[in-house]
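J.: A structural model of the following input is requested.
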Amino acid sequence: MKTLLVAMLALLLLGASNKTNYNILHVRDGEELFINERYYYKIYDQIILEDDSSIVLGKNVITFDLTANRASVGEDVEISIDYDSSDGKDGKMGRHTFGRDRAGDCANGYSGESGKSGSDGANGPNINLAFTFTSLGYLEVDASGGDGGDGGNGGDGMSGTKGDCSSMCTGGNGGSGGAGGNGGDGGNGGDVVIKYRFLNGGSIGAIDVFNDAGRAGKPGSGGYGAVGGAGKNCTWKRYSKGQPGRNGSSGSPGSSGTDGSYRSIKLRS
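T.: Predicted structure coming up:
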C-alpha cells in the first residue's frame, strides 16, 4: 500500500510571472503525494519520481501546472485524479412503507418514499506539464471525469386496510410506489498539455494520457404500488375493495460529460 504524503502547499496566483522556483520534488518508491489545491503552479529545478510513485490530485484541483528543468521518472509512475472521490455518490433508496402499521379499517396505505438523486461526478483537472527528461520509464497521466452516481430506487407502497360494516366503509386504497431518483451527471475530462524534451543520453520511455468523460448515472426505478384493502359483505350492502396504488415513476438518467483535449509538444533541445 502506498504511503500517503499530504502536501500543504501555498496557493499561487495565475500567470507565469507569478510562479516560484523550488529546488527539488522527490517522491520515493511506492509513495503517494496528495494535492488538493484549486490552482497549483510550481517550477522545480529537479523532479524525481521513483518507481511506483504517484501524484494524486484531489477533486478540488482545477489546474495542475508543473515544470521541471530536470525530470527523472521511473516505471509505473502516475499523475492522476483521486479515484476514491472523483465519482458521484449513489442516491439513497426510498423507504418501503408496506411493513408499517396503520390502525383502523378502511384506511389508505402510505405511499413509498422517493429515491434520492445521485450526485454529479467531479470534473477532471486541467494538467499542464513541462519536463526536461533526464530519464523516462513509464508515466500515466489521468485527468478523467468522475462517473455520475446512480439514482436510488423508490420505496414500495403500503396496502390499504379492509372495509368494515360498522364503519360502513370500503377497503382503503393501496399506497403508491415512490419515484426513482435521477442519475447524476458525469464529470468532464480535463485538458492535458505535455511539453517535453530529452537531454542528450536520456532514456526514452512512454507516456499514456487518459482524459475521458465521466459516465452518466443511471436512473432509479420506481417503487411498486400496493394492493387495496379487501371489501366487506354486510347484511345490507357490500363494500368494495380499495383501489391499488400506482407504481412510482422511474427517475431520469444523468448526462455524460465531455472528453478533454490533449496536446503533446516536443520542445527544442
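J.: does the closest residue to Tyr39 other than its chain neighbours have beta-bridge partners, and which?
T.: Spatial nearest neighbour of Tyr39, excluding adjacent residues (C-beta to C-beta, 6 or more residues apart in numbering): Thr63 at 5.1 Å. Quick note: C-beta positions are derived from backbone N, CA and C, even for glycine. When bridges are called by DSSP bridges, Thr63 pairs up with Tyr39, Asn126.
J.: and Thr63, how many neighbours?
T.: Residue neighbour count, defined by other C-beta atoms under 10 Å, stands at 17 for Thr63.
J.: Surely it is in contact with Glu37?
T.: No - the criterion here is C-beta atoms under 8 Å, and Thr63 misses it with Glu37 at 9.2 Å.
J.: sorry, back to before: distance of the residue nearest to Tyr39 from Val193?
T.: According to C-beta to C-beta, to the nearest Å, Thr63 and Val193 sit 11 Å apart.
J.: so what sits against both of these two?
T.: Common neighbours of Thr63 and Val193, using C-beta atoms under 8 Å, 6 or more residues apart in numbering, are Asn128.
J.: ok, the residue most central in space within the chain - contacts?
T.: The centroid of the chain falls nearest to Asp87 when counting by C-alpha atoms, centre = their mean (1.7 Å). Contacts for Asp87 (C-beta under 8 Å, 6+ apart) come out as Gly121, Ala122, Gly146, Asp147, Gly148, Gly149, Gly214.
J.: Just the closest of those to Met93, please.
T.: Nearest to Met93 among the contacts of Asp87 is Gly149, at 12.6 Å by C-beta to C-beta.
J.: The closest one contacts Ser86, doesn't it?
T.: No - contact criterion C-beta under 8 Å: Gly149 and Ser86 do not qualify, at 11.4 Å.
J.: In terms of packing, which of the two has more residues around it?
T.: Remark: of Gly149 and Ser86, Gly149 carries more neighbours, 26 against 23, as counted by other C-beta under 10 Å.
J.: Check which helix or strand the more buried one maps to.
T.: Counting by DSSP states H and E, no helix or strand carries Gly149.
J.: how far away is it from Gly189?
T.: The gap separating Gly149 from Gly189 is 18 Å, by C-beta to C-beta.
J.: Also Ile265?
T.: Distance, Ile265 to Gly189, using C-beta to C-beta: 19 Å.
J.: Who has more neighbours out of those two?
T.: Gly189 (26 against 10).
J.: Double-check that that one belongs to a strand.
T.: No - counting by DSSP: H, G, I helix; E, B strand; the rest coil, Gly189 falls outside a strand, being coil.
J.: Excluding chain neighbours, what is closest to it?
T.: Gly260 (3.3 Å).
J.: same check, this time on Asn36
T.: Gly58 (3.2 Å).
J.: tell me the pLDDT at the one you found?
T.: According to the prediction, Gly58 has pLDDT 94.
J.: How about Arg268?
T.: pLDDT for Arg268: 79.
J.: could you list every residue that touches it?
T.: Arg197.
J.: Which of the three states applies to it?
T.: Of the three states, Arg268 takes coil under three-state DSSP.
J.: One more: Gly172?
T.: Classification of Gly172 by three-state DSSP places it in coil.
J.: Next: Asp45.
T.: Following three-state DSSP, Asp45 is assigned to strand.
J.: Out of the contacts of Asp87, which sit inside helices?
T.: If you go by DSSP state H, the contacts of Asp87 have nothing in helices.
J.: Tell me which of these fall in strands.
T.: Among those, no member falls in strands (criterion: DSSP state E).
J.: circling back to that earlier point, separation between the residue nearest to the centre of the chain and Asp259?
T.: From Asp87 across to Asp259, the span is 17 Å (C-beta to C-beta).
J.: about what we covered before: pick the one among the contacts of Asp87 closest to Leu33.
T.: Ala122 (19.0 Å).
J.: residue contacts, the closest one?
T.: Ala122 neighbours (C-beta under 8 Å, 6+ apart): Lys59, Ile81, Ser85, Ser86, Asp87, Gly88, Gly145, Gly146, Gly187, Gly214.
J.: Can I get the buried ones among those as something I can paste into PyMOL?
T.: In PyMOL, a selection of the buried entries from those looks like this (16 or more other C-beta atoms under 10 Å):
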select buried, resi 59+81+86+87+88+145+146+187+214
